[in-house]
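> Give me a model of this one.
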Amino acid sequence: MRWWGVKVSSRTAVAIHALTFLARWDGDGLQSSAKIAESLESNPVLVRRILGSLRDTGMVSSTEGSGGGWRLARPAEEISLYDAYAAVEGGDALLPVHTHPPSRSCVIGRHMQSLLEDEFAAAQRALEERLSRTSIAEMLARVLGRESANAARG
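Below is the predicted model:
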């Protein structure tokens, strides 16, 4: 997945999709990871792994066994996209810096690392702030709004 031209993990998209799916069916009982995986056209094992991270942070709960599944543990209005991002990305920075320190004997090399760290930290803060402004409930409302618009057109 790309955000602003930068490659990021698909874990966040899967988490937001799964949370929105659970919000849609909130009140209709537990949803299986297989059903959520169907919506994602993905593997139920991947979905369970992502949902496990969301469970660890209190966003979803699960019941094992026959008839088991997943549900939101908090109201969708109280779960932000940033909450999902933070739960599944594990604090990994969106934008990496040099994997090897640049040359200290070069004027560019002496300063680039710290300059990039400042820029990337600002970009990370902007991403986190933006994701914090949108809830899972808002995402569900947008999905349902688009579905209504599509149905009206055709």
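> how close does the residue lying farthest from the centre of the chain get to His111?
Ranked by distance from the centre of the chain (Cα atoms, centre = their mean), the top residue is Ser105, with 41.0 Å. The spacing between Ser105 and His111, counted by Cβ to Cβ, to the nearest Å, is 12 Å. Yep, even glycine has a C-beta here, placed from its N, CA and C like the rest.
> same check, this time on Ser53
37 Å.
> more crowded one of those two?
Remark: of Ser53 and His111, Ser53 carries more neighbours, 18 against 11, as counted by other Cβ atoms under 10 Å.
> give the contact list for that one.
Shown in contact with Ser53 (Cβ atoms under 8 Å, 6 or more residues apart in numbering): 11, 15, 87-88, 90.
> Buried residues in the longest helix seen in the chain, which are they?
Ranked by residue count under DSSP state H, the longest helix found in the chain is helix 107-132. For helix 107-132, burial by neighbour count (16 or more other Cβ atoms under 10 Å) applies to 120, 123, 127, 131.
> again with stretch 134-153
135-140.
> Break down this structure into its strands, ranges please.
2-3, 6-7, 60-63, 69-72 (DSSP state E).
> any idea which of those strands scores lowest on pLDDT?
Among the strands of the chain, strand 2-3 carries the lowest mean pLDDT, at a mean of 44.
> Contacts for stretch 35-43, please.
Contacts for stretch 35-43 (Cβ under 8 Å, 6+ apart): 14, 17-18, 21-22, 44, 46-47, 51, 69-70.
> Where does pLDDT dip in this structure?
Applying pLDDT under 70 to the chain flags the ranges 1-9, 91-98.
> Which residue ranges of it form helices?
Ranges of helices in the chain, per DSSP H, are 11-24, 33-40, 44-56, 81-89, 107-132, 136-153.
> what would those helices look like in a markdown table with distance to Thr63?
A markdown table is the format used below for these (distance: least, Cβ to Cβ, whole Å):
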| stretch | distance to Thr63 |
| --- | --- |
| helix 11-24 | 13 |
| helix 33-40 | 12 |
| helix 44-56 | 11 |
| helix 81-89 | 20 |
| helix 107-132 | 29 |
| helix 136-153 | 20 |
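> out of those helices, nearest to Thr99?
Of all the helices of the chain, helix 107-132 sits nearest to Thr99, with 11.0 Å by Cβ to Cβ.
> How far does the closest one sit from its chain's centre?
Centroid displacement of helix 107-132 relative to its chain, using Cα atoms, centre = their mean, to the nearest Å, is 21 Å.
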